[in-house]
Structures are given as C-alpha cells and as structure tokens.
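> I'll drop the sequence and a predicted model, then ask my questions.
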Amino acid sequence: EFMPLPPEEENGENAANEEPKLQFSYVECLLFSFHQLGKKLPDFLIDKISAEKLKDFKI
C-alpha cells in the first residue's frame, strides 16, 4: 500500500532485475535515519550528557 509496485515488462511479468524508483523526501530520510540510530543507541536521548544538550527542546 505504501510502496510502489515494481514496473511491469511488456509481456506482463515483473522486471526482476530493475529496482523500483523510490522518491523519499528529506524529512522521510531523516526520520528513518533517526529511527535507526535510536534502535542502535536507545539511551541516547535519556543520557545525562544528552539531557544538557537537549534541554532547549523540552517544553
């Protein structure tokens, strides 16, 4: 539903050797990168050192 379908060849079969062309916006790429970093370093945002750096972003 969210991913585009692969292009079809003239005979009706999917082209297995061609990758679908995905166009991600900058925001989507940054969110994906931040999500991946969060999975690898889950304590990053709750660390004491990071708390001082992120205090400007708290409400």
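Perfect, I can see it now. Numbering: from 1, shown residues only.

> Please state the backbone phi and psi of Asp43?
Phi and psi for Asp43, reported as degrees, to the nearest 10, are phi -90, psi 10.

> mind checking how far it is from Ser25?
To Ser25, Asp43 is 29 Å away according to C-beta to C-beta, to the nearest Å. Just so you know, the C-beta spots here come from the backbone N, C-alpha and C atoms, and that holds for glycine as well.

> and what of Lys55?
29 Å.

> residue ranges with poor pLDDT in this structure?
Applying pLDDT under 70 to the chain flags residues 1-23, 45, 48-50, 57-59.

> Count the residues that sit near Val27.
Residues contacting Val27 under the criterion other C-beta atoms under 10 Å number 8.

> Report the secondary structure element holding it.
In the assignment (DSSP states H and E), Val27 maps to helix 26-40.

> mind saving the C-alpha coords of that helix as PDB?
C-alpha atoms of helix 26-40 as PDB (Å, rounded to 0.1, in the frame of the first residue of the first chain):
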ATOM      1  CA  TYR A  26      14.400  14.800   3.000                       C
ATOM      2  CA  VAL A  27      12.200  14.500   6.100                       C
ATOM      3  CA  GLU A  28      11.400  10.900   5.500                       C
ATOM      4  CA  CYS A  29      15.100  10.100   5.100                       C
ATOM      5  CA  LEU A  30      16.000  12.000   8.300                       C
ATOM      6  CA  LEU A  31      13.200  10.300  10.300                       C
ATOM      7  CA  PHE A  32      14.400   6.900   9.000                       C
ATOM      8  CA  SER A  33      18.000   7.700  10.000                       C
ATOM      9  CA  PHE A  34      17.000   8.900  13.400                       C
ATOM     10  CA  HIS A  35      14.900   5.800  14.000                       C
ATOM     11  CA  GLN A  36      17.800   3.500  13.000                       C
ATOM     12  CA  LEU A  37      20.100   5.400  15.300                       C
ATOM     13  CA  GLY A  38      17.600   5.100  18.100                       C
ATOM     14  CA  LYS A  39      17.400   1.400  17.700                       C
ATOM     15  CA  LYS A  40      21.200   1.100  18.000                       C
END
